[in-house]
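>>> Pasting the sequence and the predicted model now:
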Amino acid sequence: MLNVHSITLTEITLLLKEPFKISSGVITERRILLLELDDGEGTTAWSECVAGEQPNYSYETVDTAWIVISQYVAPRILGRPLESPTGVQPLLDENFRGHNMAKAAVEMGVWELEARRQGTALCQLLGGTRERIEVGISIGIQPSPEVLVEKARACLEQGYRKIKIKVMPGADVAYVAAVRAALGPKAPLMVDANNAYTLDDIDVLQGLDDLGLLMIEQPLAWDDVVQHATLQKVLKTPICLDESITGPARVRDMISLGSGRIVNIKPARVGGFSGSKAIHDLCEQEGIPVWCGGMLESGVGRGYNIALASLSNFTIPGDISPSSRYWQRDIVTPQWQMDTDGMIAVPWDRPGTGVEVDRDLIEDLTVRTETLTA
Ligand code: OSB
Ligand code: MG
């Protein structure tokens, strides 16, 4: 029986190679919250809480997650025998609203711990099927259309199979139109607005609609499914929901209202792997494609995303760019590598996520640490 004996929280700082700007803010240094779960029998597992530095993606931040994990999440799990990792989500969701990223860091860590205890690959434990997964890139907001065009061109040349362009008012139709003109009608382009528009911006949204995009990600409010339905009725381009999808119930709302046709699954946003699998399976039944989003994770969090993206209905390339895209030196060995076809190999032949953390490097980068026990 699985039993989490202790959880150690560690915050590190990793400097991004270049600032990453989205409509709601810019970051230059990533504060990364790592967890090490220990079963007290010689097996440990590392997980990552992907909450942001600021509450500008969701209300969670590194600081709220630290408090929520130590005061409310960990006490529900520590020292409690578990039949299987599927038992974690019900324990965390009982009379406990929200804070999905804090919950997910523990929930997913238990899946990884169980995979390592069994000597099984995480992708296998989750029910994955793919040997390799298709990689897309998310390009932050650039200073001019010209700079954006050169970035996007370089990404296509590197092999990326989907180019996502962040947009905001003042950096939208003209920027994306320039990329479309330069890279041609077949280039796999999409945009992500991170809630930068309202229904009053219909002219801009229709301008984007004419650019042959794969999808428009979360153009309207972060918690909305109603206005997105109004918008989807007048757009030919599929809307993809990110922020609004916090669990299977929101996917059912999206389907019944017609708020979107594609779902971005970030496992942390939906409380972990149980929630992700439930959404994956529901979307598969309903004929809705999904893809795996990213939150500027280190190689630890990327490993979780890669395992998840090996499931069958992840038919669209994910925001799963390799270690070298954001980091001078990632905290895992081996680092995540993309081949020239824009694919990452799923590590079926290694336990857990298939990567080991570099403990010395983490120690050098540590800002604070705390060990929680029952
Ligand atoms: O909306 O997908 C998003 C990063 C931070 C906050 C929100 C988002 C993103 C990304 C990053 O697009 C994608 C990645 O991790 O490579
Ligand atoms: Mg997004």
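Yes, it's here. Please read all numbers here as calculations on a predicted model, not as lab measurements. Ligands and ions are numbered 1, 2, ... in the order given.
>>> and the helix or strand that contains residue 123, what's its mean pLDDT?
Here residue 123, judged by DSSP states H and E, is contained in helix 122-126. Throughout helix 122-126, pLDDT has a mean value of 98.
>>> Repeat that for stretch 305-314.
Mean pLDDT, stretch 305-314: 98.
>>> Can you list the buried residues in it?
305, 306, 307, 308, 309, 310, 311, 313, 314 (16 or more other Cβ atoms under 10 Å). Quick note: C-beta positions are derived from backbone N, CA and C, even for glycine.
>>> closest to ligand 2 among those?
residue 305 (13.5 Å; Cβ to the ion).
>>> what does this structure put close to ligand 2?
Contact residues, the chain versus ligand 2 (Cβ under 5 Å from the ion): 192, 217, 242.
>>> Does the last one touch residue 216 like I think?
Spelled out, it's residue 242. No: at 10.9 Å, residue 242 does not count as touching residue 216 under the criterion of Cβ atoms under 8 Å.
>>> where along this structure do the helices fall?
Ranges of helices in the chain, per DSSP state H, are 62-68, 74-77, 88-93, 100-118, 122-126, 145-158, 173-183, 202-209, 226-234, 248-257, 273-286, 299-308, 323-326, 359-365.
>>> okay, those, which one's buried deepest?
helix 299-308 (a mean of 27; mean count of other Cβ atoms under 10 Å).
>>> so that helix versus helix 100-118, what angle?
80 degrees (axes from the mean of the first three to the mean of the last three Cα atoms, to 10 degrees).
>>> same for helix 299-308, what does it pack against?
strand 44-49, helix 122-126, helix 273-286, strand 332-333 (3 or more Cβ pairs under 8 Å, 6 or more residues apart in numbering; DSSP states H and E).
>>> Show me what the last one is packed against.
In terms of contact count using 3+ Cβ pairs under 8 Å, 6+ apart, strand 332-333 is assigned the packing partners helix 299-308, strand 356-357.
>>> now the ones you listed as a markdown table including distance to residue 279?
Listed next are those as a markdown table, based on distance: least, Cβ to Cβ, whole Å:
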| stretch | distance to residue 279 |
| --- | --- |
| helix 299-308 | 11 |
| strand 356-357 | 28 |
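>>> Out of the ones you listed, flag the one nearest residue 320.
helix 299-308 (5.5 Å; Cβ to Cβ).
>>> does the closest one come close to ligand 1?
No: using Cβ under 6 Å from any ligand atom, helix 299-308 stays clear of ligand 1, coming no nearer than 8.2 Å.
>>> Could you check the angle that helix makes with strand 44-49?
90 degrees.
>>> Compare the residues of the chain next to ligand 2 and tell me which has the most neighbours.
Within these, residue 217 tops the neighbour count with 27 neighbours, counted by other Cβ atoms under 10 Å.
>>> Contacts only, for residue 195.
Residue 195 sits next to 23, 24, 218, 219, 220, 221, 222, 243 when contact means Cβ atoms under 8 Å, 6 or more residues apart in numbering.
>>> need the contact list for the fifth one.
Translated: residue 220. Going by Cβ under 8 Å, 6+ apart, residue 220 touches 195, 197, 198, 199, 227, 228, 231.
>>> confidence score at it?
Reading off the model, residue 220 has pLDDT 98.
>>> and if you look at the one 3 residues further on?
Confidence per residue is given as pLDDT, and for residue 223 that number is 98.
>>> And residue 33, by the same measure?
Residue 33 is assigned 98 on the pLDDT scale.
>>> ok, now residue 1?
So, for residue 1, pLDDT stands at 85.
>>> what sits against it?
Taking Cβ under 8 Å, 6+ apart as the test, what residue 1 contacts is 81, 82, 83.
>>> Any of these buried? List them.
Those of the contacts of residue 1 that meet the buried threshold are residue 82, by 16+ other Cβ under 10 Å.
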